[in-house]
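1. please find the sequence and the predicted model below.
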2 protein chains.
Amino acid sequence: MNCEYSKTSKRIFRSEIRELLKYTRKPGIISFGGGLPDASLFPVREIADITAKVLEQKGYLALQYGPTAGEPEMLEALLGHMAEFGDEATDKEICVTSSSQQGLDLLTLLFLDEDMPVVMELPSYIGGVQVFRRSGAEMIGVPMDSEGMELDHLERTLDRLGKAGGKPRFIYAIPDFQNPSGVTMTLERRKRLIEIAQSWDIPLVEDSPYRELSFTGEVLPSLWTLSGGKGVIMLKTFSKVLFPGMRMGWIIADEHCIDKIVMLKQSVDLCTPSFTQLILAEYIKRGKMRESIGKAIDCYRSKLDAMLAALEKHMPGEIEWSRPTGGMFIWLTLPERIDTKEIFNTAIEHNVAYVIGHPFHCDGSGANTLRLNYSFPAIEQIDTGIERLAAAIKEVL
Amino acid sequence: MNCEYSKTSKRIFRSEIRELLKYTRKPGIISFGGGLPDASLFPVREIADITAKVLEQKGYLALQYGPTAGEPEMLEALLGHMAEFGDEATDKEICVTSSSQQGLDLLTLLFLDEDMPVVMELPSYIGGVQVFRRSGAEMIGVPMDSEGMELDHLERTLDRLGKAGGKPRFIYAIPDFQNPSGVTMTLERRKRLIEIAQSWDIPLVEDSPYRELSFTGEVLPSLWTLSGGKGVIMLKTFSKVLFPGMRMGWIIADEHCIDKIVMLKQSVDLCTPSFTQLILAEYIKRGKMRESIGKAIDCYRSKLDAMLAALEKHMPGEIEWSRPTGGMFIWLTLPERIDTKEIFNTAIEHNVAYVIGHPFHCDGSGANTLRLNYSFPAIEQIDTGIERLAAAIKEVL
């Protein structure tokens, strides 16, 4: 049909990463691609038990339309969950979402316009890059080092944009165990980032899917908490700490902003399923979330240790990698002359897969980087997989 | 905070209807507002049984990320369900959504641009009006009569737009038991609408939430089927025929269009919950959907009959109403001088609520109309509620 599509639709492309991940279905391959949690951690029996109870006691509520902001008992449970990690908010400062990707979608609708700037880390979460690109906003990357976003660079960027008359609509950061880099922003940087954002009156979007997955016990104060909620919007999800199959997340922001988000959400999907909200609310109420997170931490810490040891053992000297203390990812930097997309086929021939680093960069850089996921592969596969990857890299070096 | 929001956000308003519906919480009120299914129809025990089985047999799949277009067994089940109502499609022509509101959101992203025209019925579904408005598109209404959209008027509209150089991005219609009017488009109109749309190369969006709820046994061929799938996009949901609490819907379109929709959906929420997809797939596979629909039809037919009888009995001569043969709504037209928003308070004083008709009109008309829902109130309340409404109307006439 000879119909006309929107400008928006022309900014959406087939994901390069998804195309490459198709090769990982080859039998015998060890995949460090994707960002899936380990399904053996999923509390299947507990969820079955809770679902039966929810349907028995509140079936008619669970299967009916619910409030757009979320079921009251879910909101209460989520606020309690956050408080355990040091983050306090009220029931006027929260809206349930279909995982944090919907949070990003709603913030894109709320803030971004064609050609207007938005600032994000280099590299950053690819789902953020995709949805921000959809709006036509000008994405501006700020490099990271091992302490997080480079703030001198951020200040220079804001000065430059300010002089051109266009301050960014928001600054997007993933302070805890960042995807894809594995880096955690230091406390000092967090405080200075808030100062900078507040002095410019720019909202900070704190994407926080991995916050609960600290392997050292240390959890730094969030931007939300450090700022006293002023000018910070926090995105949360259970996809990484529990499981993604219910697509459950939430947004924390001041009341005025939540009001706008709720109105937008009505246009997007009316409401999030009451059914799964009531199940997860009960799961949290029973104290099971704490248990689940404890198990995930133990599992992923062992896998991380195995991967770091394997990298140490097998990788040639020219390769650098991050040393995360939580989350799901290690970030590899190869010599500048190597394009990780070009060596992807060699890796597949060696029966190992990763995710190329370039699509995580909103400025098109990062061709010599790649991301390794350690949460999904079996721990027994990790050493062999890294050995194969090292062999593939050595072949092209 | 002195931050700048998007143009999009400025086009989203608090819903007038939602604000008025708050008054319906007054004790003793009989509400014909809202569009909720009757919760006593929800197959709570069946769902509990199926959920236990799904978690036992496929728990790890149910709680993991799934494909953006949907779980293969859900797609198969949905295609089978549609085929029972005469609509055939392939597994390349379908994408699961968070109910049909997400379908409308995705089509807005895919087709609509600021100031570009989109055509819809007068009146039309309010969730459509809201999300189309969000895009800044110019919404153009075409009046309806008791046979559906007035096609001479549509042709004149297309001529006028065509001369101005802007053909509509799509034509939005709800052919079966329309919300809010209760009207079903005749077969003749359906055929002519398709001819018109095809001759202009304009996509037809067929929103079809009530199709299964025919009280006479007659189900007219859908636009999708009549057109052989050419140029028609169909939106489906289980919110009205089964229950809304899992937010489950789907889109049918040609493969090229579905490809684009899937890419957009990745930016919107990555995927719909596998958990609820697998539950509903099993529900359909067991033949339970057919049973549920049969029960809903029996229940709503009785309620419709009760409401039509009550209207006949109580309403003054100057009031007109639609006589639907399915769905959930009756549409009332009052004398032009009456504003149904102004008499809303009188109705509340008489302990009865409805939904004002004006927000269903993209052109701001319809002040003298109102919508009555008969699916949610108890059948015993209907006569009394209509008697009260008639008393309120007589008071202002």
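-> Everything's here; your move.

2. okay, CA-based contacts and neighbour counts for the rest of this
-> Will do.

3. need the residues of the stretch 51-200 of chain A near chain B, please.
-> A:51-52, A:55-56, A:59-60, A:62-66, A:98-102, A:104-105, A:109-113, A:127, A:130-131, A:169 (Cα under 8 Å from any Cα of the partner chain).

4. can you pull out the strands in the stretch 151-300 of chain A?
-> Ranges of strands in the stretch 151-300 of chain A, per DSSP state E, counting those that start in this stretch, are A:171-173, A:204-207, A:232-237, A:248-252.

5. check contacts around the one residue in the stretch 101-250 of chain A that gets nearest to chain B.
-> Of all residues in the stretch 101-250 of chain A, residue A:245 sits closest to chain B, at 3.7 Å by Cα to the nearest Cα. Counting by Cα atoms under 8 Å, 6 or more residues apart in numbering or on different chains, residue A:245 makes contact with A:239, B:62-66, B:273-275.

6. out of these, who has the most neighbours?
-> Ranked by the number of neighbours (other Cα atoms under 10 Å in any protein chain shown), these place residue B:273 first, at 33 neighbours.

7. check contacts around that one.
-> A:244-247, B:62-63, B:65-66.

8. show me what contacts residue A:31?
-> Shown in contact with residue A:31 (Cα under 8 Å, 6+ apart): A:24, A:352-354, A:377, A:385.

9. now these in CSV, with distance to chain B and pLDDT?
-> Output for the contacts of residue A:31, formatted as CSV (distance: Cα to the nearest Cα, whole Å; pLDDT from 0 to 100):
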residue, distance to chain B, pLDDT
A:24, 15, 74
A:352, 21, 96
A:353, 19, 95
A:354, 18, 96
A:377, 14, 96
A:385, 23, 98
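
10. narrow these to those in helices?
-> Among the contacts of residue A:31, DSSP state H puts residue A:385 in helices.

11. most neighbours among the contacts of residue A:31, which one?
-> Within those, most neighbours by other Cα under 10 Å means residue A:353, with 30 neighbours.

12. sorry, back to before: the residue of the stretch 101-250 of chain A closest to chain B and residue A:170: what is the separation?
-> Note on residue A:245: its distance to residue A:170, by Cα to Cα, to the nearest Å, is 29 Å.

13. per-residue pLDDT of residue A:2, please?
-> The score at residue A:2 is 73. That number is its pLDDT.

14. where's it, which helix or strand?
-> For residue A:2, there is no helix or strand it lies in under DSSP states H and E.

15. one more: residue A:58?
-> Going by DSSP H and E, residue A:58 is in helix A:44-62.

16. so the helix or strand following that helix versus strand A:232-237, what angle?
-> Once the chain leaves helix A:44-62, the next helix or strand it forms, by DSSP H and E, is helix A:72-83. Between helix A:72-83 and strand A:232-237, the angle comes out at 110 degrees (axes from the mean of the first three to the mean of the last three Cα atoms, to 10 degrees).

17. next helix or strand past helix A:72-83?
-> Trace forward from helix A:72-83 with DSSP H and E and the next one is strand A:94-98.

18. what does that following strand contact?
-> Outside strand A:94-98, the residues touching it (Cα under 8 Å, 6+ apart) are A:68-70, A:75, A:103, A:247-253, A:258, A:261-262, A:272, B:269.

19. just want to check the distance between residue A:78 and residue A:72.
-> 10 Å.

20. again with residue A:286
-> Residue A:286 is 17 Å from residue A:72, by Cα to Cα.

21. of these two, which one has the most company?
-> Using other Cα under 10 Å, the more surrounded residue of residue A:286 and residue A:72 is residue A:72, with 15 against 12.

22. quick one: the more buried one and chain B, what's the gap?
-> As judged by Cα to the nearest Cα, to the nearest Å, residue A:72 and chain B stand 15 Å apart.

23. now residue A:3
-> Taken as Cα to the nearest Cα, the span from residue A:3 to chain B is 6 Å.

24. for that residue, give me the backbone phi and psi.
-> Main-chain torsions, residue A:3, degrees, to the nearest 10: phi -100, psi 170.

25. I'd say residue A:374 and residue A:301 touch.
-> No - Residue A:374 lies out of contact with residue A:301 (Cα atoms under 8 Å); the separation is 9.3 Å.

26. so those two - more neighbours on which side?
-> Neighbours were counted for residue A:374 and for residue A:301 using other Cα under 10 Å; residue A:374 has more, 31 against 23.

27. spit out the contact partners of the closest residue to residue A:148 other than its chain neighbours.
-> Once flanking residues are discounted, residue A:148 sits nearest to residue A:185: 4.2 Å by Cα to Cα, 6 or more residues apart in numbering or on different chains. By Cα under 8 Å, 6+ apart, residue A:185 lies in contact with A:146-149, A:175-176.

28. repeat that for residue A:176.
-> A:183-185, A:208, A:210-211, A:326-327.

29. let me have these in JSON lines, extended by pLDDT.
-> Output for the contacts of residue A:176, formatted as JSON lines (pLDDT from 0 to 100):
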{"residue": "A:183", "pLDDT": "97"}
{"residue": "A:184", "pLDDT": "98"}
{"residue": "A:185", "pLDDT": "98"}
{"residue": "A:208", "pLDDT": "98"}
{"residue": "A:210", "pLDDT": "98"}
{"residue": "A:211", "pLDDT": "97"}
{"residue": "A:326", "pLDDT": "98"}
{"residue": "A:327", "pLDDT": "98"}
